[in-house]
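Enquirer: no FASTA, just this:
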């Protein structure tokens, strides 16, 4: 079974750093791109960026460029989403999802991780 | 404000047919495929329809998708209580050079 399992919920203070993870199993991890998607309370989903698990090539949405860092560790089949300095406005659910056929107009997200809730509050 | 526009809510009674719309522009739906995702309460989204009208294995044929111009629709026939969920549309946007989503539609089975 193809699965993406994300790390657990986090409660952090503004200004703190954070790295959440997404571990793939049941497929050849390096054959696919992994994307990260933000879901803020009461809002729609937002694509943050995608990373090629084979060579770590990363594409960011302009809205998130410079705000987060997406990385991958092939040795443990995991992708990471990192903040160096969190803000209250980063409070959201974050999903990772596999890009089925590369990161292109002809693909879709499948499967999705279970989500990681990040709460940033002083 | 999401790039793709969906009604925030929809409802129907068991057995009915409901449709959920998704409106975009020439830079997304008008030139690229549309995908639909179902998010059951407390779970992660899962792909329901891909490439406008294709169903992954395991998705009942009660679910169907269509696209015309810069709009797309998800239809659910023979509505069941287990269909109560949030539904999101998604398409690649050529201006963003990445995927964009609708705001989601909460389907209630009365």
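Expert: Nice, thanks for sending it over. For clarity, every value in this text was computed on a predicted model and none was experimentally measured. Numbers count the residues shown, from 1 in each chain, chains lettered A, B, ... in the order given.
Enquirer: What residues does chain A have near chain B?
Expert: Residues of chain A lying near chain B by CB under 8 Å from any CB of the partner chain: A:35, A:37, A:43-47, A:49-50, A:59, A:61-62, A:95, A:97, A:100, A:104-106, A:108-115. C-beta here means a position set from N, CA and C on the backbone, and glycine is covered the same way.
Enquirer: Show me the strands in chain B, by range?
Expert: Assigned by DSSP state E, the strands in chain B fall at B:9-12, B:18-23, B:34-39, B:46-49, B:63-68, B:71-76, B:85-93, B:98-101, B:105-109.
Enquirer: residues contacting the residue of chain B most remote from its centre?
Expert: Using CA atoms, centre = their mean, the residue of chain B lying farthest from its centre is residue B:95. It sits 21.6 Å away. Going by CB atoms under 8 Å, 6 or more residues apart in numbering or on different chains, residue B:95 touches residue B:27.
Enquirer: same thing with the one 3 residues further on?
Expert: By CB under 8 Å, 6+ apart, residue B:98 lies in contact with A:47, A:49-50, A:59, A:61, B:92.
Enquirer: Mind doing that once more with 7 Å?
Expert: A:47, A:59, A:61 (CB atoms under 7 Å, 6 or more residues apart in numbering or on different chains).
Enquirer: And for residue B:21?
Expert: So residue B:21 contacts B:6-7, B:71, B:73 (CB under 7 Å, 6+ apart).
Enquirer: which bits of chain B sit near chain A?
Expert: Residues of chain B found near chain A (CB under 7 Å from any CB of the partner chain) are B:2, B:32-33, B:35, B:44-47, B:50, B:88, B:92, B:96, B:98-104.
Enquirer: one more time with 6 Å
Expert: By CB under 6 Å from any CB of the partner chain, the residues of chain B that approach chain A are B:2, B:32, B:35, B:44-45, B:47, B:50, B:88, B:92, B:98-99, B:101, B:103-104.
Enquirer: farthest-separated two in those residues?
Expert: B:32 and B:44 (23.6 Å; CB to CB).
Enquirer: So for the two, which residue has more residues nearby?
Expert: Using other CB atoms under 10 Å in any protein chain shown as the criterion, residue B:32 and residue B:44 rank with residue B:32 on top: 22 against 18.
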